[in-house]
Every structure is written in C-alpha cells, then in structure tokens.
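K.L.:
My questions concern the predicted model and sequence given below.
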Number of protein chains: 2
Amino acid sequence: MSRQIHVSLLEMATVSHNNYGLWRHPDNQKWRYREAAFWVELAQVCEAAKLDCIFQADLVGIAAGYGGGMDVPIRQGIHVPISDPMLVQATMVASTSRLGFGTTVSATYEPPFSLARSMSTLDHLSSGRAGWNIVMSYTPNANENYGLKVGELTSEQRYDRADEFVEVCYKLWEGSWEEDAVVMDRANSIYADPRKVHRIDHVGTYFSVAGPHLCEPSPQRTPVLFQAGMSDRGRRFAATHAEVVFVSGRSAESLRMATRDIRQQVLAAGRRHEDVKILCELAVVTGPTNEAAEAKLAHFQELTKAEGYLAHMFGGGFDPLRHPRERTMEEAMALDGINRKDSGAYGFGGGVTVGEVVDRAADLRSKLNFAVGDGPAVADLLEEWMEEYDLDGFLLRNFIHPGTVSDFGEYVVPELQRRGIYRQEYEGTTLREHLFGPGHKRLPSTHPGSRYRITAVAEPSPLAA
Amino acid sequence: MSRQIHVSLLEMATVSHNNYGLWRHPDNQKWRYREAAFWVELAQVCEAAKLDCIFQADLVGIAAGYGGGMDVPIRQGIHVPISDPMLVQATMVASTSRLGFGTTVSATYEPPFSLARSMSTLDHLSSGRAGWNIVMSYTPNANENYGLKVGELTSEQRYDRADEFVEVCYKLWEGSWEEDAVVMDRANSIYADPRKVHRIDHVGTYFSVAGPHLCEPSPQRTPVLFQAGMSDRGRRFAATHAEVVFVSGRSAESLRMATRDIRQQVLAAGRRHEDVKILCELAVVTGPTNEAAEAKLAHFQELTKAEGYLAHMFGGGFDPLRHPRERTMEEAMALDGINRKDSGAYGFGGGVTVGEVVDRAADLRSKLNFAVGDGPAVADLLEEWMEEYDLDGFLLRNFIHPGTVSDFGEYVVPELQRRGIYRQEYEGTTLREHLFGPGHKRLPSTHPGSRYRITAVAEPSPLAA
C-alpha cells in the first residue's frame, strides 16, 4: 500500500494567520473567531473531510518588528487579538467524535503541573483526541508579559528547561496512576485504590513537583506530542520527544535537508522510523475545475496584504523597511545585529535583496507547497511533494472559512481516496490512532515517555506515610 | 417586589464534592465527570431550571489530613481525580445560550497574563457568561505541586499578592483596549486601530506584565468576580473586589455575623449595598410530596460516607481519629498545634467533642440550610433563610445527576416563580445581567476595577515608539 497522506488543519484563534488580508474576503467568517459557533462549524467541516486534527498555533506576545512596533500586527489582526487555544479546542469537543485537537502551549511560561492537568482533561473530555505542540518562548513581548527579562535564558537553556518540563509531564501522565488504579468498587465504596496512585516527587534544576497527578489515566495518557524546532538543538529535542514534527523552509533544498536530518536523529535517539510523522505546511486552492481554482486564487491574491506577511516573517525584531531595497538580506540583517543562523533558517541567503523579499511577500504562488487546481491536479502535487521531501503529510493552511476545508473535502479528498492514500473512514477513536493506526492509543515503548510507566506495586501505599 | 432568589449550581469536576459516598447511587452519573457529554447534559438541565450559573470549585492538590495521608480522598474520590475546570466549562458553552460559568482559578499558582486571557476567551466564547472565583493557595500538597515551599507566603502576603494579581487583570481587561479599538474597516484593511490598544506596563511587588492584553474587549470585559474568603483579611478582599460572596458557617449565628460584616465592609469600601450578592450553600432534596422527598433523603443517607465529610473538613492537616472521642475539639486542635482562629471558623468551639463531630459528620440533616420536602415546603425554607441570614441566594449542592437539579427545576422553581421571587425567563444575556439585572453587562462605576478604564486617547500610539 502506498504511503498514507496525513492532513491536519493549521489554525490559530485569531483574525489572521498565514492569510493576511483575507479576513476581508466576503465569504470569510474568520472575524467570528471569538464565537463558539464559528469553531463548532469549522470542526464539523474538518471531521467531514476526515482530517487528523485541527491544530492551533499560538503566541503569547505581539510580534513587534516590522514597521518598528506593534502597529502592523494590530492593524491587520496578525496573531492579535488571540484567544486561549485550549479553551477554543474544548468548545469543539462535544460536537465532534473523531477529530483530534492539537494545541500549542508554551513550556516557557506555564507551570508543568497545570499543563499536565489541562492536557489530561482535554484527553478525557475528547475520549483521547488531545495533542500538545511543545513550544519555547518566541517574542520579546511574551517575555515581558510573563515578567521574564528578555534573553534571560539562552536558547540552549530554554531547551534544557523544556526537556525537564516534559520529563515532569511524563512522570505525571505515565507514572503517577497505575493502569488499574480506578476500581469503581461500589459495594466497598472504593473509587480508586490509594496503593496504586503515586507521588512523583520530582526535584530538578528548574522544577519541583510532588504529585500525584490530579487526573486518572486518560485514553492516551500522554497527548500526541508535536514539535517544530528548526535549530540544531530544536531538532534534537524534536527527534527525542515529538511524534509529529513540522518542518518548514523557504526552499525545496532546505526542506529536504530538514526531513533527512530529523529522520536520522530519530534513529540516533533509539526510535524507529515509523515513530515520527513529518508534516509540512500546505496551501490548497481548489474547485471543480482548474479555472475555478485559479479564479478563487485571483480573488485571494487581490485581498492579500504584503505587510501582513512581512510582519509575520520579521516578528522577531528585524525591520526590512529601514534598509535600501538593493541591499542583500544577509548584509541588512548583519547590520542590524540579527543572528546569521536564525536568518538562514528563513532562507534569506544567496544574495537575495531586501526589495526582492518585500516584493515576493505578498505573492501567494511563490510560497512553498502551494497547490492550485482541481482535485486530480492537487492530488498529483501532494503525491509529488510527499516523495520529493520525504513527508508523511501536511498542515493545511486555512485561507477562508467556510471554503478552504470544505473545498479540500469536496474536491481533493475523494481523489486521494480513489488513489488509496487517504482514509475512507476513521479507523480508531484517538488522535494517536489516526496518525499511527488502530490500537496505537498510547506512546510506543520506543518513546522516552514510556520509561516512566509504572506497573503493579505490591508494597503498602507510600501516601499513607 | 420581594427580593429575588439567586441560585447557582455548586459543582466540581471530580467524583465527589459535598456528597461523599453518593457516586455509588444507582441514578448518579457523576462518575462520568470525565466525559463532555455528562457536562453538556448537566448544563442543559441547569439552563432549563434558569439558574444563574454552574459554579466550579477547584483544588490543585490533594487534602492530606484525616486518616494521616491521602488514602481517604483517593479511595472516596474526594476532589481527586479532578479535571481542569476552565476546560470543563468550555465544553458546555456551545450547547447553552444563557447559563453562566463561574470558575475557580487560583491567584497563587497561575500567571496573571494567562488567567486574564483565559477568562476573556471564555467570556467571548460564551457571549458574556464568564465568572472567576478568586482563591488563594489552600492545601500543602498544592504548594508542593507548584514548587513553592509550604508556608513560604503568609496568609497576609497571599492576599497582598492577590490584590496585585487582580490589579494586573483589571488593567488588561479594562484598560488595554479602548471600547472602539476594533473597527473592522474592510475597505481600508484595518481590523483594529493601534492608537487605541495600549500596553499596561505593570511593575509591582509580585508581578511585571507589559501587555497589551491579547484579547479584544469581551462582552463583560472583567468576568463576574466571586470570592469566599472567611478570615478577616479574606472578607476585606471580598468586600473590595467580589461581586458575589459565598458565606459559610457551621451555625446560624456565624452565618448571620458573616453577612452583616461583609455588607458593612462593602459600604466601607465605597461600594453600594446592591453591588454585592451574598450566597450560601444550600442542600435541597425534593419531590412531588414530602414523603417522596424523605424517601430520597433516606437513600442518600444510607449511601453517605462519614469519612468523606471528615476528610473534607480536616483536609488542612488535622486528624480527629488520633484523639479520644471525649476530648473537646478545642483541646484536640490546640494539642495538634492547629490555629484556634481557623478552627473557630469551622464552628468547633463551645465544648463540642471529637466524638460528636465524627458522629455528626455523616448526618446530612444536621448540615446548615438543608431543605427536605415538596416544592412549597422547600420554598418556605428558602424564603425564611434569605430573611434570617440576609442572603441574596444560594449555591445548590449537587447530590446526584440526573436528579438534584431536575427535581429543583420541576418542584421548587415553579413555586418560587408563583411567589414572584424567581425569574420566569432570563432577561439578559450575560452572567452579570442575571445577577444585577438587564443592562448591567460591565462592572459598575463603584467597583475598583472600573478605575482602570480608559476612554478616548488623542495622542499617537505609544506602541509605535
């Protein structure tokens, strides 16, 4: 059987995310991002298209770079205002039965004990459909919002801290409640057996957490773990912990290198090739015919705002508008003291000028993995990219709702199904099963989190001390 | 018109809360607390009974006192396992349109910037139905779970910190986004006007938070504020900030004193009598006849577990079982070095013995405000208690679901409506309107949070610096 294509929807509980300017599209309801009904409608469309999950990106600070401040993000609704993504996911749970919910929560700002309970709760409420996208701090404004001095921790330290953060979570999720701790013995009035519920007594460099975990074992215990780190240290973290890795790159070559490197590091970490799915962002504009798809794209293009893309790209603090158009990006970033390695990750090498970057920002078709056409045309491209970049699937960018996902479900999904590379029906009930097949509800034994599992303990309860 | 009775449901996303042993009742579905469907069903019954809100209590640590450890709470499912209450509330939002959602979140453990966004998100998703019950740390285990040394902060310091915590929230909720900041000007591609979105730049003793707030103004901006502090400092905090105060007491006299004191302190804080609603816990067992209600109670009584009530009462660390039955509670607590003032709050003075407290723990009828009977009998008692204790209403204890709320809605609500002291229909859409009348969506000008409001600002955006 050919490799199955995994598709999730890339979302953010804000006005504009990777579709800058399109909140003004007459069919787009995204300005209703504040309403529960908007999300329920979207979730039902995603489930009808049999996506793996709706994935919520998040940022807890405003990106102040491009244009010299926060004006552009606020004016264009770029990641601000933005709602709490966990709560947004929770509003969709009751009206769906299969769709997964992958949520970004920062391991820099939240207490691990709270995060562990939130994820277990969402996994319970959804009967096993929760995922966690592990991110570190990003914008300077986020640091200010949480009272951290900007740059107080180095990137290396942030990852060390994140390693310990997930270790605490593994202990709570996998090692605090034994599988059969909840007995619900009505005759003897025993809800749970105290001998099978354990403190974790974690004392580390960054955290001190006693436990027990507040939640009984949820269907997946550990939620499906997502990660998108692209630095060397980020890839090492992803190869160690992540079950789904998002790769990005501004060129085909950087994307190929990223997937190759991650797959090697996964093996080096003692995990199997099949333990990690690699996804890449995907834009699809489709319709009954190629012409219909092109007409939709033309309308999108007309409404697209270049400054939105520039503000997103340069949220870290670099403002290209302060440089002459003919200056190379490398030179401009060096003059502004921007880390060369970071700039390289964005693919701004090779003599590309500031003017070229600014001009290209609003050109939708210039983006990587941009597919326009009818169902078969899009399906051809998807198959080609899966092969070319060694991918397991895609994160679908949401241009407008309703529209993007319903079009994908109507025109592309049936074609992928005909080719035998997309599910006809959900075969499992949990998000991990959607990704790794029926029966795979829990972390595999090759995952580091599984080392914290406990089995039967015969001694008297350590809690009764 | 007579004083209206306000009723909310007292809940907790756990197996047992104030109904210890009843998870075994054959009609009780509470063991399904992990499922979204359970909460959706409960919310719809609450809305049919036209309650103000479903109120979620919370604890982020296990109460280890009675019996010498955590065994009793775990065995009886007493506040453990427990789900994240905000996420539980969010699952009910989409299937209701009027019911409010009051949620307990600790001001000791969560970062204020996160809490402010979560509450604004829930207020948006629910179109203005969010409430926040402000609590401080409680159990030693909670401190251990968040890496705080037990007793690191004095009770006084915890309240000082909470004062600053809510100040940060007021600044974010009331003072960051001007009322007309969101313009949604499609023609000019302006979602929000950056000149009307402000940093808060809070730098205080405990917190440093820059802002801007990540959410645009929600229907209520500041969620309805609940508080239940019973110490002197706790009442001062409640009289300053709370819009709904829960009072408790083990005797009629202590309850009367509490409401009198709070109403005086509210006036002393420069607020009006009508700015604060005082609620008290209420237990109702009702049915078509007094006999039917008594029969239900007999079944509840049979299933009730004394050790559950004792573990709840003595979660702070006192274990009555280590004392002879004839010893007075005052003497026993003094011997164990328990603060006399705290013990007094529980009403264990006046020579009551350890044996009497233990024996009475499981006697449901001995609890304050326990009403058994048909609709008119219960309504008589409610009216009497409203008068006697100078209350505005009640927090209904949930014995079983389905059962408790549906019975209250079927037998008591129509009787209260006949007497003109309970709403026929919801008249407003927000939780604050349910409590304070149509049109009262926002904090009144007498509330300290309203001082942080901003109005038109003519100068250029301070963000563009």
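P.N.:
That came through, no problem.
K.L.:
which SSE is A:L172 in?
P.N.:
helix A:155-175 (DSSP states H and E).
K.L.:
Next SSE downstream of that helix?
P.N.:
strand A:182-185.
K.L.:
In that following strand, which residues are buried?
P.N.:
Using 16 or more other Cβ atoms under 10 Å in any protein chain shown as the burial criterion, the residues of strand A:182-185 that qualify are A:V182. For every residue, glycine as well, the C-beta is placed using N, CA and C.
K.L.:
about what we covered before: any idea how far the helix holding A:L172 is from the chain center?
P.N.:
18 Å (Cα atoms, centre = their mean, to the nearest Å).
K.L.:
what is the rounded mean pLDDT of that helix?
P.N.:
Here helix A:155-175 scores 94 as its mean pLDDT.
K.L.:
What of stretch A:386-398?
P.N.:
On average, stretch A:386-398 scores 96.
K.L.:
Can you show me the CA trace of it as CSV?
P.N.:
Taking C-alpha atoms only, stretch A:386-398 is exported to CSV below (Å, rounded to 0.1, in the frame of the first residue of the first chain):
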residue,chain,number,x,y,z
MET,A,386,5.4,13.6,-0.3
GLU,A,387,8.0,11.8,-2.4
GLU,A,388,10.3,14.8,-3.0
TYR,A,389,10.5,15.9,0.6
ASP,A,390,10.0,12.5,2.2
LEU,A,391,6.9,13.8,4.1
ASP,A,392,4.1,12.0,5.8
GLY,A,393,1.6,14.7,5.2
PHE,A,394,0.6,18.3,5.5
LEU,A,395,-0.8,21.0,7.7
LEU,A,396,-3.4,22.7,5.6
ARG,A,397,-3.4,26.5,5.7
ASN,A,398,-6.9,27.9,6.2
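K.L.:
coming back round to it: buried ones in the helix holding A:L172?
P.N.:
So, applying 16+ other Cβ under 10 Å, buried residues of helix A:155-175: A:155, A:158-175.
K.L.:
Where does A:L391 sit: helix, strand or coil?
P.N.:
Judged by DSSP: H, G, I helix; E, B strand; the rest coil, the three-state class of A:L391 is coil.
K.L.:
about what we covered before: could you restrict the buried residues of helix A:155-175 to the ones contacting chain B?
P.N.:
Near chain B, taking Cβ under 8 Å from any Cβ of the partner chain as the test, no member of the buried residues of helix A:155-175 is found.
K.L.:
Thought A:E331 was touching A:V352, still the case?
P.N.:
No. Between A:V352 and A:E331 there is no contact under Cβ atoms under 8 Å: 10.7 Å.
K.L.:
shared neighbours of those two, anything?
P.N.:
Common neighbours of A:V352 and A:E331 are not found (criterion: Cβ atoms under 8 Å, 6 or more residues apart in numbering or on different chains).
K.L.:
end-to-end on stretch A:41-55?
P.N.:
15 Å (Cα to Cα, to the nearest Å).
K.L.:
do stretch A:6-26 as well
P.N.:
30 Å.
K.L.:
ok, it near chain B or not?
P.N.:
Yes. Using Cβ under 8 Å from any Cβ, stretch A:6-26 reaches chain B at A:A13, A:V15, A:S16, A:G21, A:W23, A:R24.
K.L.:
where's the last one relative to B:N18, distance?
P.N.:
With distances defined as Cβ to Cβ, to the nearest Å, the gap from A:R24 to B:N18 amounts to 52 Å.
K.L.:
same question, A:E388
P.N.:
Counting by Cβ to Cβ, the gap from A:E388 to B:N18 is 61 Å.
K.L.:
more neighbours, those two?
P.N.:
B:N18 (21 against 13; other Cβ atoms under 10 Å in any protein chain shown).
K.L.:
Relative to the longest strand along chain A, what are the paired strands and their orientations?
P.N.:
Longest strand in chain A, counting residues (DSSP state E): strand A:277-287. Using DSSP bridges, the strands paired with strand A:277-287 in its sheet are strand A:244-247 (parallel), strand A:370-374 (parallel), strand A:393-397 (parallel).
K.L.:
Let's have the ones you listed in TSV, adding distance to B:S126 and mean neighbour count.
P.N.:
Output for the strands paired with strand A:277-287, formatted as TSV (distance: least, Cβ to Cβ, whole Å; neighbours: other Cβ atoms under 10 Å in any protein chain shown):
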stretch	distance to B:S126	mean neighbour count
strand A:244-247	31	26
strand A:370-374	38	20
strand A:393-397	29	25
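K.L.:
Could you pull up the mean pLDDT of stretch A:90-106?
P.N.:
Per-residue scores along stretch A:90-106 average to 97.
K.L.:
tell me, how many neighbours does the nearest residue to A:F113 once chain neighbours are set aside end up with?
P.N.:
Nearest in space to A:F113, with sequence neighbours left out and distances taken as Cβ to Cβ, 6 or more residues apart in numbering or on different chains, is B:N145 at 4.5 Å. If you count neighbours by other Cβ under 10 Å, B:N145 ends up with 30.
K.L.:
pretty sure B:N145 is touching A:P212, no?
P.N.:
No. B:N145 is beyond contact range of A:P212, at 9.1 Å (criterion: Cβ under 8 Å).
K.L.:
For my notes, confirm A:K50 occurs in a strand.
P.N.:
No. A:K50 is assigned coil when assessed by three-state DSSP, not a strand.
K.L.:
just the strands in chain A please.
P.N.:
Using DSSP E, strands in chain A cover A:6-12, A:53-57, A:100-106, A:130-135, A:182-185, A:190-192, A:202-203, A:208-209, A:224-227, A:244-247, A:277-287, A:370-374, A:393-397.
K.L.:
do you know which of those lies nearest B:C53?
P.N.:
strand A:100-106 (25.6 Å; Cβ to Cβ).
K.L.:
ok, that closest one near chain B or not?
P.N.:
No. Against chain B, strand A:100-106 shows no contacts by Cβ under 8 Å from any Cβ, the least distance being 9.4 Å.
K.L.:
What strands line up against that strand, and which way round?
P.N.:
Next to strand A:100-106 in the sheet, as set by DSSP bridges, lie strand A:53-57 (parallel), strand A:130-135 (parallel).
K.L.:
okay, that strand in CSV with CA atoms only?
P.N.:
Only the C-alpha atoms of strand A:100-106 are listed here, as CSV (Å, rounded to 0.1, in the frame of the first residue of the first chain):
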residue,chain,number,x,y,z
GLY,A,100,-8.2,15.4,17.0
PHE,A,101,-7.2,18.6,18.8
GLY,A,102,-3.5,19.6,18.7
THR,A,103,-2.8,22.7,20.8
THR,A,104,0.2,24.9,21.2
VAL,A,105,1.2,25.6,24.8
SER,A,106,4.5,27.2,25.8
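K.L.:
Need the pLDDT of A:G375.
P.N.:
Confidence score, pLDDT, at A:G375: 98.
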